[in-house]
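S.K.: What follows is a predicted protein model with its sequence.
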Amino acid sequence: MIEKYSIRTDLALEQKERFESDNVEVQGVVLEESYDEEREIRITTVKIETEKGAKTMGKPVGTYITMEAPNMAVPDEGYHEEVSKELMKFLQRFLDKDKKDYSVLVVGLGNRMVTPDALGPYVADNLNITRHIVKEYGKYAMGEEEVHLVSSIVPGVMAQTGMETVEIIRGVVKETEPDIIIAVDALAARSSKRLNRTIQIADTGINPGSGVGNHRNAITEETVGVPVIAIGVPTVVDAATIVNDTMENLIAALETSETLRGVGVVMQGYNAAEKYELVKELISPHLNGMFVTPKDIDETVKRISFTISEALNMLFA
């Protein structure tokens with residue numbers, strides 16, 4: 001029953017919530033939560049520790065850190081600076097503290113021509129790139145004792161290049177030999193309230209396009225040869241999800257209506273996944289493959305991309 005229904009989301013947190021709503025305990029998956037009241041940032045860490053847990057969750061074994069910051073959608077520079085600092089701290093967890101000079105390749109995934117998918121390219125635009133300077137003049141040209149080599153690439157999408165993204169990255173890794181890859185991509189969410197307000201960091205790599213059903217080859221340590229940290233922000237939500245949430249509100253309203261209460265009781269007999277599947281059937285074929293994004297997505301994506309690039313610039317300064 002669990003495997004039959006899959007709610008479309010890239011967030012490990014939402015996968016875990018889905019099972020909790022159905023009162024299903026996932027073996028081998030640990031959840032840790034904390035809340036910073038001052039900054040209004042909720043941190044949720046999902047650790048998938050076993051292969052069985054990975055199979056149930058539909059995600060690889062590893063650590064998934066989710067930062068939920070409702071005010072991230074607001075153009076407040078001071079707040080975004082706080083988010084950048086928090087993001088930098090969590091990224092540090094995945095780095096070797098004893099290593100002094102990191103060579104890092106930042107990969108901006110996505111299509112620059114499609115605004116909700118342009119997060120990765122925009123992040124790459126705002127990075128402090130140093131590899132070419134250090135290679136040419138030495139690290140002392142930067143005026144520092146310790147200098148990280150930062151390079152970036154925006155590989156585009158298959159429709160533009162005719163190549164799998166992982167093939168391009170393998171070639172770059174072979175030539176430049178980075179110690180680590182940081183891949184930045186736009187994600188799909190299950191909940192519209194998390195759009196442009198959530199950042200997920202994972203040490204498991206990334207599957208470009210998986211959230212919108214456009215599965216491409218994974219970018220992981222196994223496929224490219226170096227560790228891959230993934231940073232993602234949900235920018236789109238499945239149309240079926242919006243209709244499903246509307247239906248949930250309708251059921252709640254029906255409960256208060258004397259004449260229509262019976263309809264609400266019938267619908268309450270469905271679990272969350274069954275309701276979602278019913279909605280998909282009701283709206284197909286016209287809305288079934290549709291994804292929705294907020295109307296101010298162009299300015300929001302630019303702002304959030306700057307927040308992420310600032311975290312990376314501070315981390316590798």
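M.R.: Arrived safely, thanks for sending.

S.K.: Could you use CA atoms for every contact and neighbour count after this?
M.R.: Noted.

S.K.: how far is stretch 86-96 from where the chain is centred?
M.R.: Stretch 86-96 sits 16 Å away from the centroid of its parent chain (CA atoms, centre = their mean, to the nearest Å).

S.K.: brain fart, stretch 230-245
M.R.: Relative to its parent chain, stretch 230-245 has a centroid offset of 11 Å by CA atoms, centre = their mean.

S.K.: What lies in contact with the one helix or strand Ser305 maps to?
M.R.: According to DSSP states H and E, Ser305 maps onto helix 297-315. Contact with helix 297-315 is made by 72-73, 75, 80-81, 83-85, 87-88, 91-92, 115-116, 118-120, 122-124, 126-128, 196, 235, as judged by CA atoms under 8 Å, 6 or more residues apart in numbering.

S.K.: run the last query once more with 7 Å
M.R.: For helix 297-315, contacts defined as CA atoms under 7 Å, 6 or more residues apart in numbering pick out 73, 80-81, 84-85, 87-88, 115-116, 119, 122-123, 126-128.

S.K.: of those residues, the lowest pLDDT goes to which?
M.R.: Ranked by pLDDT, these bottom out at Ala73, which has 77.

S.K.: I'd like to know how far that one sits from Leu11.
M.R.: Using CA to CA, to the nearest Å, we find Ala73 at a distance of 18 Å from Leu11.

S.K.: one step back: enumerate the positions of the helix holding Ser305 that are buried.
M.R.: 297, 300-313, 315 (16 or more other CA atoms under 10 Å).

S.K.: Please, where are all the helices along the stretch 1-150 of the chain?
M.R.: 12-21, 51-57, 77-92, 119-125, 131-137 (DSSP state H, counting those that start in this stretch).

S.K.: So which elements touch the third one?
M.R.: This means helix 77-92. Helices and strands touching helix 77-92, by 3 or more CA pairs under 7 Å, 6 or more residues apart in numbering; DSSP states H and E, are helix 297-315.

S.K.: ok and the helix it packs on relative to helix 77-92, angle-wise?
M.R.: Orientation check (axes from the mean of the first three to the mean of the last three CA atoms, to 10 degrees): helix 297-315 against helix 77-92 gives 50 degrees.

S.K.: what's the offset of the helix holding Ser305 from the middle of its chain?
M.R.: On CA atoms, centre = their mean, the centre of helix 297-315 falls 14 Å from the chain's centre.

S.K.: and what of stretch 118-132?
M.R.: Once both centres are worked out by CA atoms, centre = their mean, stretch 118-132 turns out to sit 18 Å from its chain's centre.

S.K.: hmm, who's touching that stretch?
M.R.: Everything outside stretch 118-132 that qualifies as a contact, by CA under 7 Å, 6+ apart, is 108-112, 149-152, 154, 184-186, 301-302, 305-306, 308-309, 313.

S.K.: Then stretch 223-233?
M.R.: Residues outside stretch 223-233 that contact it (CA under 7 Å, 6+ apart) are 170, 179-187, 196, 198-206, 220-221.

S.K.: Give me the subset of those residues that lies in helices.
M.R.: 170, 221 (DSSP state H).

S.K.: Need the three-state assignment for the most centrally placed residue in the chain.
M.R.: Ranked by distance to the mean C-alpha position of the chain (CA atoms, centre = their mean), the top residue is Gly232 at 2.7 Å. Put simply, Gly232 is strand when judged by DSSP: H, G, I helix; E, B strand; the rest coil.
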